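S.K.: below is the structure, and that's it, no one-letter string:
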Ligand SMILES: O=P(O)(O)O[C@H]1O[C@H](CO)[C@@H](O)[C@H]1O
Ligand SMILES: O=c1cc[nH]c(=O)[nH]1
């Protein structure tokens with residue numbers, strides 16, 4: 001057991017999917033895994049292990065934002081030996097040619113969080129996806145004729161961002177979408193010497209205001225999950 005995860009040693013697979021929403025974790029486990037077993041209910045942050053195409057895989061909710069995912073990612077790596085962490089999240093697009101329900105593979109993640117400034121004493125660090133996971137996920141998407149955007153995202157500490165000028169500036173610098181966890185996941189995976197990737201589905205468009213319902217966010221996005229699972233079992 002770790003502080004926030006009630007699993008016994010060996011109850012969590014080396015490859016894990018990480019949705020922000022614990023109910024998305026439950027949905028993924030029940031819909032995509034064979035014989036899913038719930039290993040964590042601490043704080044309602046559900047975690048399951050089962051098999052997918054015969055290989056052991058886990059799925060763990062992380063909560064929203066850098067502080068929350070940092071707790072779960074660190075405990076998974078430090079206490080359970082997790083080696084391949086694939087976030088399956090939602091995001092808000094900030095480019096006109098990135099549409100609602102599009103897939104994004106996050107190559108890198110800028111952030112307005114201070115955590116890396118503190119960690120690296122004011123020096124910038126570039127949180128970057130693991131190339132092997134990224135290439136595998138991209139190849140799977142291409143094989144399935146799924147259009148996928150690969151590029152940089154912005155991990156914000158603020159969901160209700162009122163600084164429209166800042167958003168325009170990030171868009172001008174090529175950032176595809178906003179979300180709230182990837183920069184921390186990539187930084188911690190680098191620290192622990194393991195692989196991490198974020199695959200995101202665009203749930204809303206920050207420029208146009210188009211959005212999907214909470215139910216759709218929780219229950220759909222199957223394409224992203226299948227790409228993540230097929231990637232996870234290669235490692
Ligand atoms: O759908 P998830 O994975 O939670 O991701 C996005 O959704 C939440 C905000 O609604 C933030 O966690 C953001 O990163
Ligand atoms: O963090 C997020 C997630 C979805 N949409 C946003 O605008 N931000």
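M.R.: Cool, the structure landed. None of the values given here were measured: they were computed from a predicted structure. Ligands and ions are numbered 1, 2, ... in the order given.
S.K.: ok, longest helix in the chain?
M.R.: helix 66-80 (DSSP state H).
S.K.: quick check: what element follows it along the chain?
M.R.: strand 84-93 (DSSP states H and E).
S.K.: now check that next one, is it near ligand 1?
M.R.: Yes - counting by CB under 6 Å from any ligand atom, ligand 1 is contacted by strand 84-93 at 89-90. In this view, the C-beta of every residue, glycine as well, is placed from N, C-alpha and C.
S.K.: get me the contact residues on this protein for ligand 1.
M.R.: Checking the chain against ligand 1 by CB under 6 Å from any ligand atom, the hits are 19-21, 64, 89-90, 159, 179-181.
S.K.: nearest to ligand 1 among those?
M.R.: Of all the residues of the chain next to ligand 1, residue 20 has the smallest distance to ligand 1: 2.0 Å, by CB to the nearest ligand atom.
S.K.: and that closest one, how many neighbours?
M.R.: Using other CB atoms under 10 Å, residue 20 is surrounded by 21 other residues.
S.K.: right, and it touches residue 181 too?
M.R.: Yes - when contacts are counted by CB atoms under 8 Å, residue 20 is listed as touching residue 181 (6.5 Å).
S.K.: tell me, what's touching those two both at once?
M.R.: 62, 64, 69, 87, 89 (CB atoms under 8 Å, 6 or more residues apart in numbering).
S.K.: report the central residue of the chain.
M.R.: residue 87 (2.1 Å; CA atoms, centre = their mean).
S.K.: surely that one meets residue 199?
M.R.: Yes - counting by CB under 8 Å, residue 199 is a contact partner of residue 87 at 6.9 Å.
S.K.: least trustworthy helix or strand in this structure by mean pLDDT?
M.R.: In the chain, no helix or strand scores lower on mean pLDDT, DSSP states H and E than helix 214-219, which sits at a mean of 67.
S.K.: what's the offset of the helix or strand following that helix from the middle of its chain?
M.R.: On the C-terminal side of helix 214-219, the closest following helix or strand by DSSP H and E is helix 222-232. In terms of CA atoms, centre = their mean, to the nearest Å, the centre of helix 222-232 is found 12 Å from the chain centre.
S.K.: list the buried residues of helix 222-232.
M.R.: 223-232 (16 or more other CB atoms under 10 Å).
S.K.: can you name the two of the residues of the chain next to ligand 1 that are farthest apart?
M.R.: 19 and 159 (16.2 Å; CB to CB).
S.K.: more neighbours: which of those two?
M.R.: For residue 19 versus residue 159, the count of surrounding residues by other CB under 10 Å is larger for residue 19: 28 against 11.
S.K.: where are the low-confidence patches of the chain?
M.R.: 217-220 (pLDDT under 70).
S.K.: so which residue of it comes closest to ligand 2?
M.R.: Closest point on the chain to ligand 2, by CB to the nearest ligand atom, is residue 92, at 2.3 Å.
S.K.: coming back round to it: just the angle for the longest helix of the chain relative to strand 84-93, thanks.
M.R.: 170 degrees (axes from the mean of the first three to the mean of the last three CA atoms, to 10 degrees).
S.K.: filter the residues of the chain next to ligand 1 down to the ones in strands?
M.R.: Counting by DSSP state E, these place 89-90, 179 in strands.
S.K.: can I get those residues in CSV with distance to residue 56 and neighbour count?
M.R.: As requested, these are exported to CSV (distance: CB to CB, whole Å; neighbours: other CB atoms under 10 Å):
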residue, distance to residue 56, neighbour count
89, 22, 29
90, 26, 22
179, 27, 26
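S.K.: within reach of ligand 2, which of these are there?
M.R.: Among those, ligand 2 is touched by 90, 179 when using CB under 6 Å from any ligand atom.
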